[in-house]
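Visitor: need a 3D model of the following:
(one chain, ligands or ions: 1)
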Amino acid sequence: MDYEKLKNSQLNLKFSNIKEITSEPQQNNAESFQNGKKISVLFRNTIPEIPYTTYGVFSIYKYPAKFIPQVIAFVLKKYGVPGMRIFDPFAGYGTAGLTAKVYGYNYQLWDLNPILNIIHDTATLGRPKMKVNELLDLIDCIKNSNKEFIPSWSNLNYWFPEQFLPILSKAWGFVHSEKEKEKKYLLLIPLLKVTKYFSWSDEKVHKLYRSKYSRKKIETLLKGNWKNVFYRMLKQEIFSLYNKLVEYEKLSPKEVEYEVKAGIDTLTAELDKKVDILITSPPYLQAQEYIRSTKLELFWLGYSEAYIKNLSNKEIPYREVPKIKIYSSTFFEYRKKIKEKHLRSLYDQYFHAILSCFSRLGEKVENYMCIFVGPAKVRNNPIPIDEIIVEHLKEFGWSHEVTFVDKILSRVMFESKVNPASGMKDSRIKTEHLVVLKKQK
Ligand SMILES: C[S@@+](CC[C@H](N)C(=O)[O-])C[C@H]1O[C@@H](n2cnc3c(N)ncnc32)[C@H](O)[C@@H]1O
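Guide: Residues are numbered from 1 along each chain as shown. Model prediction:
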């Protein structure tokens with residue numbers, strides 16, 4: 001796509017529901033940065049047409065380290081032209097695609113985690129055609145169904161009280177055998193949520209974890225009329241999803257071309273066509289095991305133990321990766337400071353993996369690469385991931401345009417807290433960095 005020509009014609013493009021960017025990022029705190037500059041911004045306040053971060057289908061399911069839609073919208077409005085193809089090679093929840101659709105961009109999403117497919121296909125259902133009474137009938141259909149489904153999971157009895165298995169099996173049997181797309185997808189995510197609630201795992205934390213709270217939750221359920229609770233929760237979740245689908249429609253999502261590849265290993269996959277903008281947030285350097293944290297869901301969705309294990313083995317940074325030449329002095333400077341062998345090897349695996357993905361996939365990216373990285377520390381040493389990415393990618397024909405620095409709002413609360421152990425001001429205030437790189441033509 002001829003970027004300059006399109007960008008010039010952008011002013012002539014009208015959206016039915018979208019204003020031009022009204023608020024530019026605040027330019028306070030601008031500081032110089034090795035190859036460009038840093039600008040401080042609160043992404044959540046830059047996009048008036050998306051009123052809050054959990055709006056519509058941007059919050060139908062909890063996914064660790066999910067993008068807020070405003071980050072993607074900001075990039076599209078600032079650097080893109082509708083009609084372009086955007087690409088997220090670590091798409092997770094798929095926020096990049098769901099936002100791209102609102103602004104009329106084609107998209108391509110990849111992720112190792114197959115749950116991406118479920119979230120994406122649910123979120124893009126459109127305004128449901130079913131009426132409220134038909135939604136209520138769905139619950140009766142489940143109650144009366146004679147289909148059964150039990151996941152092939154050796155740990156099933158560890159995570160679920162046996163009393164709950166018949167009701168879960170009936171509900172999942174119904175969903176798995178449902179042929180009508182709308183019905184099936186209005187049930188899948190609600191049922192995933194209720195299933196997690198009816199497990200010994202603490203649904204408030206991402207990983208599978210038995211907590212004091214979750215033990216209490218199950219004990220209380222077992223003492224009461226848990227069947228009623230099950231169907232009541234399911235009904236509430238179906239209505240909540242329904243409302244979110246309707247809310248998303250207010251943003252007038254467009255018909256665009258898209259491709260979603262879930263269960264794909266980005267480290268070895270190739271792009272088969274050119275894309276205009278790559279926007280992504282790669283896996284975290286510190287413990288965040290995405291497959292493990294969605295394991296319970298994946299089993300009920302019907303994936304086998306061997307398949308899930310195989311996915312886990314491909315997760316960055318917990319896998320060995322072929323070494324590449326790294327063009328960043330900052331990478332080596334920080335590497336030297338890490339004394340423990342296992343931490344150094346995690347650090348190596350992380351950077352060799354993500355940098356090789358970006359330099360290789362970048363060959364098919366025509367205009368911009370926008371890479372969003374969170375805070376990372378190794379033994380209390382903050383690692384400037386953004387600077388390492390910039391230094392390395394310069395060697396591959398990418399120039400550093402700018403880095404946007406966003407404070408993580410939920411942590412701002414801690415800003416003035418004093419750490420009781422050290423008596424010093426707590427340094428947990430974190431920032432997230434969006435690195436913008438431009439292809440040198
Ligand atoms: C920070 S999350 C991305 C979150 C995403 N931006 C969103 O809005 O939800 C990083 C993602 O990288 C994925 N990932 C980890 N290793 C991968 C691999 N080898 N290939 C593809 N994806 C991988 C994880 O499954 C996770 O979803």
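
Visitor: all contacts plus neighbour counts: C-alpha atoms, from now on.
Guide: Noted.

Visitor: am I right that Ile86 sits in a helix?
Guide: No - residue assignment for Ile86, taken from DSSP: H, G, I helix; E, B strand; the rest coil, gives strand, which places it outside any helix.

Visitor: if I look at it, how far off is Met369?
Guide: Distance, Ile86 to Met369, using C-alpha to C-alpha, to the nearest Å: 10 Å.

Visitor: repeat that for Leu221.
Guide: Between Leu221 and Met369 the distance, using C-alpha to C-alpha, works out to 49 Å.

Visitor: again, but for Arg215
Guide: Counting by C-alpha to C-alpha, the separation of Arg215 from Met369 is 45 Å.

Visitor: what comes up buried for the helix or strand hosting Tyr347?
Guide: Element membership of Tyr347, judged by DSSP states H and E, is helix 341-361. Of the residues in helix 341-361, those buried under the neighbour-count criterion (16 or more other C-alpha atoms under 10 Å) are 344-361.

Visitor: contact partners of that helix?
Guide: Helix 341-361 is contacted by residues 266-267, 270-271, 282, 285, 316-324, 326, 335, 338, 378, 389, 392-393, 396 when judged by C-alpha atoms under 8 Å, 6 or more residues apart in numbering.

Visitor: show me which of the residues you listed neighbour the ligand.
Guide: When the contacts of helix 341-361 are checked against the ligand using C-alpha under 6 Å from any ligand atom, the ones in range are 266-267, 282, 316.

Visitor: Leu437: what secondary structure?
Guide: Taken by three-state DSSP, the conformation at Leu437 corresponds to strand.

Visitor: need the contact list for it.
Guide: Counting by C-alpha under 8 Å, 6+ apart, Leu437 has contacts 368-370, 390, 398-402.

Visitor: what residues are up against Lys377?
Guide: With contact taken as C-alpha under 8 Å, 6+ apart, Lys377 is in contact with 286, 383.

Visitor: confidence score at it?
Guide: The model reports Lys377 with a pLDDT of 88.

Visitor: again with Ile338
Guide: In this prediction, Ile338 has a pLDDT value of 95.

Visitor: cool, the one 5 residues further on as well?
Guide: The predicted local distance difference test score for Leu343 is 93.

Visitor: and if you look at the one 3 residues further on?
Guide: At Leu346 the predicted local distance difference test score is 92.

Visitor: ok, now how distant is it from Leu355?
Guide: 14 Å.

Visitor: just Phe404 next, same as before
Guide: 20 Å.

Visitor: same question for Ile72.
Guide: Where Leu355 is concerned, Ile72 sits at a distance of 21 Å (C-alpha to C-alpha).

Visitor: repeat for Met369
Guide: 13 Å.

Visitor: before we move on, the earlier item: give me the common contacts of Ile86 and Met369.
Guide: In contact with both Ile86 and Met369: 277-279, using C-alpha under 8 Å, 6+ apart.

Visitor: what does the stretch 1-150 of the chain have sitting close to the ligand?
Guide: Counting by C-alpha under 6 Å from any ligand atom, the stretch 1-150 of the chain comes close to the ligand at 63, 65-67, 90-95, 111-113.

Visitor: taking those residues one by one, which sit in helices?
Guide: Under the assignment DSSP state H, these contribute Thr95 to helices.

Visitor: so, low pLDDT: which residues of the protein?
Guide: In the predicted model, the chain carries pLDDT under 70 at residues 1-36, 287, 409-429.

Visitor: for it, which segments count as strands?
Guide: 31-33, 36-40, 85-88, 106-111, 258-262, 275-280, 365-373, 377-378, 381-382, 398-407, 431-439 (DSSP state E).

Visitor: just say which of these is most tucked in.
Guide: Highest mean neighbour count among the strands of the chain (mean count of other C-alpha atoms under 10 Å): strand 85-88, with a mean of 26.

Visitor: same for that strand, what does it pack against?
Guide: helix 95-103, strand 106-111, strand 275-280 (3 or more C-alpha pairs under 8 Å, 6 or more residues apart in numbering; DSSP states H and E).

Visitor: how about 6 Å then?
Guide: Packing partners of strand 85-88 (3 or more C-alpha pairs under 6 Å, 6 or more residues apart in numbering; DSSP states H and E): strand 106-111, strand 275-280.

Visitor: distance check, the residue of the chain positioned farthest from its centre against Val229.
Guide: Relative to the C-alpha centroid of the chain, counting by C-alpha atoms, centre = their mean, Lys223 is the outermost residue, at 36.7 Å. Taking C-alpha to C-alpha as the measure, Lys223 falls 12 Å from Val229.

Visitor: repeat that for Leu434.
Guide: 43 Å.

Visitor: bridging residues for Lys261?
Guide: Beta bridges link Lys261 to Trp110, judged by DSSP bridges.

Visitor: one step back: of the helices and strands packed on strand 85-88, which is nearest Ala100?
Guide: Set against Ala100 and scored by C-alpha to C-alpha, the helices and strands packed on strand 85-88 come closest in strand 106-111, at 6.7 Å.

Visitor: so that closest one versus strand 258-262, what angle?
Guide: Between the direction of strand 106-111 and that of strand 258-262, the angle (axes from the mean of the first three to the mean of the last three C-alpha atoms, to 10 degrees) works out to 0 degrees.

Visitor: strand 106-111 versus strand 275-280: what angle between them?
Guide: Inter-element angle recorded for strand 106-111 and strand 275-280: 40 degrees (by the same axes, to 10 degrees).

Visitor: who does strand 106-111 touch, helix- and strand-wise?
Guide: Taking 3+ C-alpha pairs under 6 Å, 6+ apart as the contact definition, the neighbouring helices and strands of strand 106-111 are strand 85-88, strand 258-262.
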